[in-house]
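Visitor: next one to model:
(chains A and B)
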Amino acid sequence: MFPTHKNEFKSGSTGLGWLNVFLRSREASLVLLIAVLTTVTTALNPRFLSPQSLKDLMLNVSIIALLVLGQTVIILMRQIDLSISSIVGITAFLSGTLFLNHPGIPSLVVVAIAILAGLLLGAINAALIAWGKIPALITTLGTLYIFRGANYAWVHGRQVNAANVPGSFLAIGTATFLGIPILTWIVLILLVIFAIGLRQYRAGREYYAIGSNPTAAVLAGINVSRRIATGFAISGAIAGLAGALWLARFGTVDATAGEGIELTVITSTVVGGVAITGGVGTVVGAVLGALLLSVFSSTLVFLRVPSFWQQAFQGAMLLLAIALDAYLAHRHAMRSRVKWSHV
Amino acid sequence: MSSEPTIELVDIYKSFGSTRVLEGVTLPLFPGEVHSLMGENGAGKSTLVKIMAGLHLADQGAIRMDGHEVLFRSTAQAQHAGVSVIYQEPTLFRDLSIAENVFMHRQPKTPYGWIDYAAMNRAVSAHLKQLGVSLRPEDPVLGLSIADQQIVEIIKALTFEAKVLIMDEPTAALSVEEVKRLFQVVERLRGKEVAVMFVSHRLEEVFAISQRITVMRDGRVVGSGPVKEWTTDEVIRKMVGRSLEALYPKEKVEPGKVVLRVRDLRRAGVFKDISFEVRQGEIVGLAGLVGAGRSEVARAIFGIDPLDSGEVSVSETTLRNHTPQDAMAAGMGLVPEDRQQQGLVMEMTATRNVTLTVLHQLRRFGLVSREKERQIAARWTQRMLLKGHIEEPVNILSGGNQQKVVLAKWLATEPRLLIVDEPTRGVDVGAKSEVHRTLGQLAKEGMAIIMISSDLPEVIGMADRVLVMHEGKLTAELSRSEATEEAIMFAATGQAASKTKLREMKNVPDPQE
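Guide: Just a heads-up that it's a prediction; the model follows:
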């Protein structure tokens, strides 16, 4: 019906076939970037690949990667959870006080209580967002402050020290199995579970459906409110587990534990290819995003770049990732517009 | 062909508030038949479709399927009963694959409880092959054409084993080739004894594909029967057949100088080849069916949407890549279709709303002078005979009074050219005639007016000339004496060239004037 530029588009995209493949698989491009960064840094400073620095790298990325799993579920639904860092703070101190007040308490019980506490806090977000219909950005910004404030009031300047925590629990953050820290193994196992859950189960696909087109999700018979509520409960539970593991990793916990990490988590998730507009991305990509940011900060340290540059680089990467997503989406949209307007 | 209908609507009534939308509609759909539903904008077709889809409940009347009465409280209930609806704009998950879209929320599972992607892709692949469509089930929906997206919706319906398939203007966004393919698919569905309902404005298509036609007007069925009992003239007459009711106070005004001249306006995929002129003292009606591109042309002329090519000149000024600010400076005003979204700030008072367009005139020491504001607002609201307090927020005013505030707001800029989009939609009869009276008065004082309206008696009563659009193109220019409801409907449904003797589309003034 209307003249178009269909042919121009066609010939324009064929020459860049390899680039398209590279851009389209976010996981592949992340792995490549991480490999390049590692190679370059190792060439400049061979100690970058020493066993100790590799172990540090894995420990540094593990808790962020764990939180990224929960955040991925949330962002896939076009939602956001800012409150995770405050939940980590509360549950980290809770785990410490349990060991302090109940010497001999089994570590598994402490971890279970921390997860349950995180789940309950997540359920508060869930109720406000799914049934109170308050936007997630506002709700979780509110609970971010409320949970942190409550934590300060409860902790009241106290501190839990490594001496109060049993060595067997601290081993999660220090001991290794097949050269990989126990903490990292826990995250890897959960990563596999989340990857399978989001790919192979109806419930998992529904998170994608809701983020992709909420109206169509309702028409398909999905209970959108319940699904959103479940997502925030999962995110809370994951943050609870992260709190317990925070104690295992650092040993010392005060009221500030976890402060500010929600932004690192969200940045990692988005850099990892989970579209902030929902419906697109995988947990594997998101965890690779966390790994890339972590490798990048280590690189800056090894190359003796002043530390205040680190945050700037992190922000630049976030903008780059979002710009890339926007570009790819725009190109798709242009193609479909051209397609249907031709005769 | 069996004589038992698959689904039958019996004596359906439906009102929204005080407006009665459907009055005793009875409509049977037979297996293996395509039944077309036609009617003007607002005849009640969409409401009927939504009742069958489970989105609305009828106030009265029944839906029978295979002789049993059914009640659809949700879209899921309708779907499981075998009724699938394909809307003009498909509702799909663009980030997911075709197969996932088809099976969302009911994916087949392997014995271990995982989603059986292979089975899903096989099933969809079989349907795609059967429909003769070269798409792969793993392809993402993002980037598919509207036509292909409709194919996905049809396959979804097929996997539900739909007995009834309702298509609400499915061809509106399709090319000729795509329509042909869609019709081949519909033919195959007929072969499977599916009962198809086809809602369309395109007469040719309706006659090409249907076995039965029903025409609705003002919420009632005014004619129904096998396609061989109908002619295109007959359908159009039934669609519009009503008398000119109210008196339209447009006086004959000698047109003056050309105020607006547009040439070869084009916006890819929306409209093209739009050329016309509007003179002082003229009201030019812009008629056409919903989606013909009328509002889009107005938005482009006013500088809201960019033009791909073409020229807009107001009086002596030629505007290029202009913004609404440029258009206003050149003397244009636009009263948009949607009062609440685009025309008014609902929480502000009538006074504040009216003076929004002329704030720069109210400045005193850089601040807005309340006194001047009140003066200007009072002048224009009085002129519009606005009832109600002008110091109250506009959201408590009636629809008619709100429309008067929007008009007053644009009159305050004292434009040379006023574009009004559906100026009387949703307003009561009294307010409607006041709006008409004001527009007539403004034209008499020398203003040039473009009036977009889907209300045919209004267009015929008010306009000196009527331009008719069909699918993004001007299909007719009718003088006051030529502009009958039949002539406008012929042109609006793309029949003009073959059915009526109309003047060539040229920018020559009407010989009568």
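
Visitor: how about the residue nearest the centre of chain B, phi and psi?
Guide: Centroid check for chain B by CA atoms, centre = their mean gives B:Val290 as the closest residue, at 2.2 Å. Note on B:Val290: its backbone torsions stand at phi -60, psi 130 [degrees, to the nearest 10].

Visitor: and the one 10 residues further on, by the same measure?
Guide: With angles defined as degrees, to the nearest 10, B:Ala300 sits at phi -70, psi -40.

Visitor: ok, and the closest non-adjacent residue to it?
Guide: B:Leu307 (5.2 Å; CB to CB, 6 or more residues apart in numbering or on different chains). Every residue, glycine included, has its C-beta placed from N, CA and C.

Visitor: residue of the stretch 51-200 of chain A closest to chain B, please.
Guide: A:Gln200 (4.1 Å; CB to the nearest CB).

Visitor: how about that residue, what does it touch?
Guide: With contact set as CB atoms under 8 Å, 6 or more residues apart in numbering or on different chains, A:Gln200 has these partners: B:114-115.

Visitor: state the distance from it to B:Thr110.
Guide: 9 Å (CB to CB, to the nearest Å).

Visitor: again with A:Ile186
Guide: Distance, A:Ile186 to B:Thr110, by CB to CB: 28 Å.

Visitor: who has more neighbours out of the two?
Guide: Of the pair A:Ile186 and B:Thr110, A:Ile186 is the one with more neighbours under other CB atoms under 10 Å in any protein chain shown, namely 17 against 12.

Visitor: ramachandran angles for the closest residue to chain A within the stretch 301-450 of chain B?
Guide: Here the stretch 301-450 of chain B gets closest to chain A at one residue, B:Asp308, 9.4 Å apart by CB to the nearest CB. As for B:Asp308, its main-chain torsions (degrees, to the nearest 10) stand at phi -80, psi -30.

Visitor: that one: neighbour count?
Guide: Look at B:Asp308: counted by other CB under 10 Å, it has 15 neighbours.

Visitor: B:Ala123 too?
Guide: 19.

Visitor: before we move on, which element is the most centrally placed residue in chain A in?
Guide: By CA atoms, centre = their mean, chain A has its centre lying nearest to A:Val68, at 1.5 Å. Here A:Val68 sits within helix A:51-76, counting by DSSP states H and E.

Visitor: that older thread, quick check: the residue nearest to the centre of chain A touching A:Val270?
Guide: No. Using CB atoms under 8 Å, A:Val68 makes no contact with A:Val270, being 10.2 Å away.

Visitor: what do those two both touch?
Guide: Jointly contacting A:Val68 and A:Val270 under the rule CB under 8 Å, 6+ apart are A:Gly289.

Visitor: for chain B, what lies in contact range of chain A?
Guide: Chain B has residues B:75-76, B:79, B:91-96, B:100, B:104-107, B:109, B:113-115, B:142-147, B:173-177, B:266, B:268-269, B:272, B:471-472 near chain A, with proximity defined as CB under 8 Å from any CB of the partner chain.

Visitor: drop anything exposed from those residues.
Guide: B:75, B:79, B:91-96, B:100, B:104-105, B:107, B:115, B:142-147, B:173-175, B:266, B:268-269, B:272, B:471-472 (16 or more other CB atoms under 10 Å in any protein chain shown).

Visitor: tell me the secondary structure of A:Trp309, please.
Guide: Using DSSP: H, G, I helix; E, B strand; the rest coil, the structure places A:Trp309 in helix.

Visitor: ok, now which ones touch it?
Guide: A:Leu300.

Visitor: before we move on, the earlier item: tell me the confidence at the residue nearest to the centre of chain B?
Guide: We have a pLDDT of 74 for B:Val290.

Visitor: isn't it up against B:Met469?
Guide: No. Using CB under 8 Å, B:Val290 is not in contact with B:Met469, being 10.9 Å away.

Visitor: fine, thanks again, bye for now.
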